[in-house]
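*Asks:* build me a structure from this.
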Amino acid sequence: MKTKLKLTICLITGLLFALSANAQKTVIKKEALPGNAQTFLKTHFGSKKPSYILEDKEILSTEYKVQFSNQTEVEFDKKGNWKEVEAKTGKVPKSIIPKKIASYIKENFPKEDVTKIEIGSSGYETKLTNGLELKFNLKGDFTKIDK
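*Replies:* Predicted coordinates for the structure are as follows:
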């Protein structure tokens, strides 16, 4: 029994190592991004040129990371849908933040800006300049504060 367990653990470890070894990060040009990502960048960042764009290919997924000179990072999934925008030295463009979320933040935290916004299957998570993390559902309704 112990031998089978050890063999199973070795096989799983080997498989995970093989999968991670196949991951590739490549610098690409803006034109190589999926169309949705190109449109998003043009809409929300205008003519700003990225410092670099990385394509992160793994066996089961592909992701893209766009970095601007002002330390703003945008992450996209394989279809070019945005997943996260983080402004490390500034604020997230207001045009990215859904109106209902922007209204809530303006009303309840009028002196704060959004430094990060992330969208997931259960909703949005934002981080404010004061360090608070606010969570919203997919409709933009406030659900809770994390710190």
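*Asks:* now for the chain, the helix or strand with the poorest mean pLDDT.
*Replies:* Lowest by mean pLDDT, DSSP states H and E among the helices and strands of the chain is helix 2-21, with a mean of 53.
*Asks:* dump stretch 55-65 to PDB, keeping only the CA atoms.
*Replies:* Provided in PDB are the C-alpha atoms of stretch 55-65 (Å, rounded to 0.1, in the frame of the first residue of the first chain):
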ATOM      1  CA  GLU A  55       2.500  36.400 -23.300                       C
ATOM      2  CA  ASP A  56       2.500  33.700 -20.600                       C
ATOM      3  CA  LYS A  57       1.800  30.400 -22.300                       C
ATOM      4  CA  GLU A  58       1.200  27.300 -20.300                       C
ATOM      5  CA  ILE A  59      -0.200  23.900 -21.400                       C
ATOM      6  CA  LEU A  60      -3.800  24.700 -20.400                       C
ATOM      7  CA  SER A  61      -3.900  28.500 -20.500                       C
ATOM      8  CA  THR A  62      -2.500  31.700 -21.900                       C
ATOM      9  CA  GLU A  63      -2.400  35.100 -20.200                       C
ATOM     10  CA  TYR A  64      -1.100  38.500 -21.200                       C
ATOM     11  CA  LYS A  65       0.500  41.200 -19.000                       C
END
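*Asks:* what's the helix or strand for the residue most central in space within the chain?
*Replies:* In the chain, the centroid-proximal residue (CA atoms, centre = their mean) is residue 84; its distance is 2.5 Å. Residue 84 belongs to strand 82-87 when assigned by DSSP states H and E.
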